[in-house]
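A.B. asks: Sharing a model that was predicted from the sequence below.
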Amino acid sequence: MRPLFWLTALLGAVVPLLMLWDIIANGLPGLSIEFLSQPPTDTGRSGGILPILFATVWILAICLSVTLPLGLGCAIYLSEYIDSHSSAARWIGLSLDILASTPSIIFGLFGYALFAIYLNFGFSLLSGGLSLACMVLPLFIRTTEHALRACPIHYRQAASALNIRQSGFILRILLPISGTGIAVALILSSGRALAETAVLIFTAGYVSRQPDSVFDSGRTLSVHIYDLSMNVPGGQQNAAASALVLVLLIMLINSTARLLARRYISYDQTPL
């Protein structure tokens with residue numbers, strides 16, 4: 001069975017490696033300081049992606065600023081304040097699983113109806129970030145919940161024996177121990193948000209100019225890549241370079257989150 005397992009692993013690694021090689025081979029020649037520091041011109045065929053980078057960072061910041069407190073609070077409630085075998089926990093878990101598997105265009109239509117029209121935010125970075133937060137919240141909550149439930153039982157027993165209040169146990173023991181798992185949830189949520197296109201087309205819009213505030217429309221890297229590839233003849237070179245920047249940005253977020261988790265909020269989980 002060992003050769004079969006090795007073959008399966010290699011086949012699983014070939015496709016992403018080929019995709020990465022294609023992105024690097026086509027995008028690296030167009031990547032430069034000017035490309036990162038100039039606005040797009042000629043509908044994106046030339047120029048750079050500075051306004052697109054700015055809009056991407058703003059939308060991701062809005063998304064995570066909503067996702068982190070709400071998602072972490074909900075995950076703590078599910079893991080610490082409610083019986084996992086109760087009907088309420090089962091229904092909440094089922095609802096989160098259904099929402100996590102809902103097509104992204106549904107969240108785009110929901111965000112357009114709620115944030116862009118009903119709340120009158122229009123096509124803006126704020127509408128896009130809030131819609132992305134609605135989309136990634138179920139994924140973040142479920143991943144964080146599993147990380148919190150993985151806390152070793154002897155830590156809970158020791159806290160109970162020492163009569164530590166539950167709030168103190170959560171803040172001083174549970175969250176630091178689960179830091180790596182929470183970082184993974186953050187990475188998965190950030191990756192899905194950065195790669196999303198359908199939601200942002202309905203909420204943030206297509207505008208490629210520099211946004212002046214969160215109430216202005218903006219174009220993210222994923223939307224920019226889609227537009228150059230599908231709607232702009234001759235835009236494949238800049239689309240490949242933009243895709244390479246997106247991959248590098250995801251890798252940077254991944255590395256930073258893991259580094260911070262290991263350095264500041266991870267405890268040694270050696271059994272007592």
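C.D. replies: Ah, there it is. As the structure is a prediction and not an experimental result, all values here were calculated from the model. Residues are numbered from 1 along each chain as shown.
A.B. asks: Tell me how far the residue minimising distance to the centre of the chain lies from residue 181.
C.D. replies: Geometric centre of the chain, nearest residue: residue 190, 1.6 Å, by Cα atoms, centre = their mean. To residue 181, residue 190 is 15 Å away according to Cβ to Cβ, to the nearest Å. All C-beta atoms are positioned from the backbone trio N, CA, C, and that covers glycine.
A.B. asks: still on that earlier bit, which ones are touching the residue nearest to the centre of the chain?
C.D. replies: 60, 64, 250, 253, 257 (Cβ atoms under 8 Å, 6 or more residues apart in numbering).
A.B. asks: same thing but 6 Å
C.D. replies: By Cβ atoms under 6 Å, 6 or more residues apart in numbering, the contact set of residue 190 is residue 253.
A.B. asks: now the helix or strand containing it: mean pLDDT?
C.D. replies: Using DSSP states H and E, residue 190 sits in helix 179-195. Taken as a whole, helix 179-195 has an average pLDDT of 88.
A.B. asks: Next SSE downstream of it?
C.D. replies: helix 198-203.
A.B. asks: List of residues touching that following helix?
C.D. replies: For helix 198-203, the external contacting residues (Cβ under 6 Å, 6+ apart) are 104-105, 107-108, 111-112, 116, 127-128, 131-132, 135, 220, 223.
A.B. asks: So what's the residue count around residue 26?
C.D. replies: 16 (other Cβ atoms under 10 Å).
A.B. asks: let me fix that: residue 40
C.D. replies: Other residues close to residue 40 by other Cβ under 10 Å number 25.
A.B. asks: nearest to residue 20, of the contacts of helix 198-203?
C.D. replies: Among these, residue 220 lies closest to residue 20 (Cβ to Cβ), at 20.7 Å.
A.B. asks: How about the contacts made by that closest one?
C.D. replies: 55-56, 59, 200.
A.B. asks: quick one: buried residues of the helix holding residue 190?
C.D. replies: 179-194 (16 or more other Cβ atoms under 10 Å).
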